[in-house]
Each structure stands twice: as structure tokens, then as C-alpha cells.
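[1] 3D, please:
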Amino acid sequence: MRWVRVVASLALTGLVGCGSGEENYPLVRVTGTITQNGKPLSGADVSFVPDGGNKYSTPAVDQTGPEGNYMVRYRGRTGVTAGRYKVYITPPDEDAASKVPEKFKNDPMMFKLMKQAQGPPKSGTEKKAVVKSEFNAEVPEQDVVLDFDIKSSSSAGGTPKS
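    Numbering: from 1, shown residues only. Next comes the predicted model:
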């Protein structure tokens with residue numbers, strides 16, 4: 001019976017020491033506002049994709065709130081590591097959003113699941129293209145606010161408002 005306690009304690013010690021080390025990444029809080037032609041863009045998906053030359057790879061995402069604000073998260077933690085990023089902003093699909101029940105519209109996870117459950121449009125219906133905008137961003141070693149403005153007249157891109 002004594003050997004069972006020894007084995008159990010060794011196993012627990014081993015598990016505690018087996019962390020991936022990701023918790024030690026120094027994350028920088030990145031927040032901002034997404035606008036479209038100067039007006040807040042609600043419900044847009046924001047993705048920060050790290051450059052291959054960054055010391056750590058910490059892709060992060062968020063969805064803009066009613067005022068167009070966002071705060072990116074990497075694996076449940078707020079922020080990303082310092083470095084260069086491609087920032088992708090995808091405006092909400094208004095047609096899909098109109099079919100989501102009202103009770104799910106304030107719950108981002110359920111809202112996304114409901115949109116996915118709708119599937120692709122039925123043949124014979126034309127789906128409006130959702131334009132994805134792409135920006136380059138540099139995240140410094142301290143907390144930063146990065147604002148982006150999407151110009152709807154262009155097919156992609158926009159101007160950062162930092």
C-alpha cells in the first residue's frame with residue numbers, strides 16, 4: 001500500500017512539472033476600435049495572425065462589441081506577444097445574423113453556432129460577399145490600442161487609425 005502512495009505522489013509531481021511553458025509568454029494587452037467609414041462596426045471578427053519571425057506564435061481573436069471595441073485573446077489569456085501581425089477583420093454577415101433568434105444575439109458563442117448551423121445558402125439564392133480587410137500591425141512590448149477603419153468603397157484593406 002505504501003508503494004501506491006509513492007507512485008501516486010511521483011505521478012502528481014510529474015504532472016505539475018509537465019507544463020508547456022506557454023503560461024510564461026509575456027503577453028501584451030491589445031485593444032482598440034473597428035470602424036467602417038468612421039462608424040463603429042459591431043459583430044466583426046478580429047484575428048491577429050503572428051508573423052513567422054516573431055519569437056512566439058500567439059494567434060489571437062475577438063469579436064467587436066456594440067461600440068466596435070475589441071480585446072484580443074490567446075488561449076483564454078488577454079493579449080499577444082510583442083511582434084508583427086497580420087490583422088484580419090471580417091464584418092458580420094447581416095443576412096445570417098437576421099436569421100439568428102434574438103435570445104442568442106448577445107451570446108457570441110451561440111450566435112456563431114447558430115450562423116454555422118444555417119449552412120450554405122440554398123441554390124437559387126444569391127449570397128452577398130462578405131469583404132475581409134487586412135492590415136499590418138506592430139505590437140510593442142507594452143499595452144497598446146490599435147484602431148482600424150475599413151473603407152467600404154474598396155474591396156479589401158483600410159486604414160489603421162493608430
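[2] would you mind listing where this protein has pLDDT under the threshold?
    Within the chain, the ranges that satisfy pLDDT under 70 run 1-23, 94-131, 153-162.
[3] quick one: the strands in it?
    Applying DSSP state E to the chain gives strands spanning 30-36, 39-40, 45-50, 60-63, 69-71, 73-74, 77-78, 83-90, 133-139, 144-145, 148-150, 158-160.
[4] so which of those comes closest to Asn24?
    Across the strands of the chain, Asn24 has its closest neighbour in strand 77-78 (11.4 Å, CB to CB). From N, CA and C alone the C-beta is placed, and that goes for glycine too.
[5] partner strands of that closest one, parallel or antiparallel?
    strand 73-74 (antiparallel) (DSSP bridges).
[6] list of residues touching the partner strand?
    Outside strand 73-74, the residues that touch it by CB atoms under 8 Å, 6 or more residues apart in numbering are Leu27, Thr58, Pro59, Ala60, Val61, Asp62, Gly79, Val80.
[7] check contacts around Ile89.
    34, 41, 44-47, 132-135, 148, 150, 158.
[8] highest neighbour count among those residues?
    Ile34 (30 neighbours; other CB atoms under 10 Å).
[9] contacting residues for that residue?
    Ile34 makes contact with 40-41, 44, 46, 64, 68-70, 89, 147-150 under the criterion CB under 8 Å, 6+ apart.
[10] try it again with 6 Å
    Going by CB atoms under 6 Å, 6 or more residues apart in numbering, Ile34 touches Leu41, Ala44, Thr64, Gly68, Ile89, Phe148.
[11] and the first one, what is it in contact with?
    Okay, so that is Leu41. By CB under 6 Å, 6+ apart, the contact list for Leu41 reads Ile34, Thr35, Thr64, Gly68.
[12] same check, this time on the fourth one
    For Gly68, the set of contacting residues under the criterion of CB under 6 Å, 6+ apart consists of Thr33, Ile34, Thr35, Pro40, Leu41.
[13] which residue packs closest to it, ignoring adjacent ones?
    Spatial nearest neighbour of Gly68, chain neighbours left out: Pro40 (3.1 Å); criterion: CB to CB, 6 or more residues apart in numbering.
[14] is it true that the one you found touches Asn69?
    No: counting by CB atoms under 6 Å, Pro40 sits too far from Asn69 to count as a contact (7.8 Å).
[15] put together CSV for the contacts of Ile89, with distance to Asn54 on each row.
    Below are these laid out as CSV (distance: CB to CB, whole Å):
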residue, distance to Asn54
Ile34, 23
Leu41, 27
Ala44, 24
Asp45, 21
Val46, 18
Ser47, 15
Lys132, 22
Ser133, 21
Glu134, 17
Phe135, 16
Phe148, 20
Ile150, 25
Gly158, 23
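[16] nothing else from me, thank you.
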